[in-house]
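> Sequence and predicted structure are below.
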Amino acid sequence: MKMFARHMLQGAEWSSFQQALGKEVIERSGAGWAYSVVLEKGFGKVGKHFSRLYVQYGPYAETKAQLKRALDDLEELAKSMGVDYVRVEPILSTMNPANISSYGYEKQKRTFQPEHTNWVDLEKSEEEIVASFNATNRTAWRNAVKRGQQFEVVYEEADSADFLHMMKITAERTGSTFRDNTYLTTLIKALGNDKCAGVIYVSFEGKRIASALYVDDRQGSTRYYMYAGTEEEARKQGANGTLVSFLIINAKENGLKRVDLFGVSPADASDSHPWAGFSKFKRSYGGEDVAFSGTWEKAVNTQRYFIMKLARTLAKKG
């Protein structure tokens, strides 16, 4: 049975980053439960008129009874702050997905943090970890240095320009939408000084061609693969794959117990799923799929929450 301490997004380091973004963060805990909650407005034409307390990948609780206590505490806090609703993504230590509909919560069709991810176990030898990669990744990693690839890790905002450039051109090339530069540089600045976040570069013939931003949760002994960007020639050099291989092996060398590849499609999803391509890539490193509980909401101000839901529906139809 998988056991879990808590998610990085519920950690002190992430809270400090949220505060650096200018958000109000409140941390609460009791016997067997804890949560870190952000006060925020919604997004878009509809959401910006409504306020919520959002617990990303939380509350965390050891048992269902303790989860109920955490939710009760959250709802009392929400009432005292006058927000319209609460949004949660509860996690039990056993990693059994929590159904909280009996507590008045409604599961959202859209999950705001990935409901499925893939964990790579680092509590094995390096040889065993590499052996669990698929044949392409395994061969590319073993020959990377021979082929002239070089790897480095940087922690300073001042050394993030190449990463930001690669994120920009990757977004343009793939049609993806990533976080803006302010968000990314604030993350590096807030967590890089303590080496809780870093940027990995792969270079070939003196040029950086691939990069990835990761965050290390030392309390949870987990590295999170957050964002990656590449130059056009990275594919030809196989640097997309060796980048992740290095991220995994480097995490092992730093004494961590797992790598969370942060978001994959459901295991039974079809090839038409929008995440199918990069999910197949992430699963090629021999990790294990893990399911979370999804995103749930509950009204605090019933009338305003109803108006918000109605507005959401009309906006989609429009």
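Thanks, I have the structure now. Numbers count the residues shown, from 1 in each chain.

> quick one: the helices in the stretch 1-150 of the chain?
Residue ranges of the helices in the stretch 1-150 of the chain, as given by DSSP state H, counting those that start in this stretch, are 12-20, 44-47, 64-81, 126-131, 135-143.

> which residues touch Glu106?
Shown in contact with Glu106 (CB atoms under 8 Å, 6 or more residues apart in numbering): Trp296, Glu297, Lys298. Where C-beta positions appear, they are placed from N, C-alpha and C, glycine not excepted.

> The closest residue to Ser221 other than its chain neighbours: neighbour count?
The spatial neighbour of Ser221 that comes closest, neighbours along the chain excluded (CB to CB, 6 or more residues apart in numbering), is Lys257 at 4.1 Å. Residue crowding around Lys257 was assessed by other CB atoms under 10 Å; the count is 14.

> For Lys124, see how far away Lys257 is.
With the distance defined as CB to CB, to the nearest Å, Lys257 ends up 10 Å from Lys124.

> Nearest to Gln219, out of the helices of the stretch 1-150 of the chain?
helix 12-20 (7.9 Å; CB to CB).

> Contacts for the closest one next, please.
Identification of contacts with helix 12-20 by CB under 8 Å, 6+ apart yields 8, 25, 27, 36, 38, 186-187, 189-191, 194, 196, 215, 217, 219.

> Pull the contacting residues for Val134.
Quick fix: residue 134 is Asn, not Val. Here Asn134 is in contact with Ser284, Tyr285, Gly286 (criterion: CB under 8 Å, 6+ apart).

> With Tyr85 instead?
Under the criterion of CB under 8 Å, 6+ apart, the contact partners of Tyr85 comprise Phe50, Arg52, Ala78, Glu297, Lys298, Ala299, Val300, Asn301, Tyr305, Met308.

> So which of those sit within helices?
Ala78, Tyr305, Met308 (DSSP state H).

> out of those, which one sits closest to His273?
Of all these, the one with the least separation from His273 (CB to CB) is Met308, at 28.5 Å.

> Around the closest one, how many other residues sit close by?
Met308 sits with 21 neighbouring residues when counted by other CB under 10 Å.
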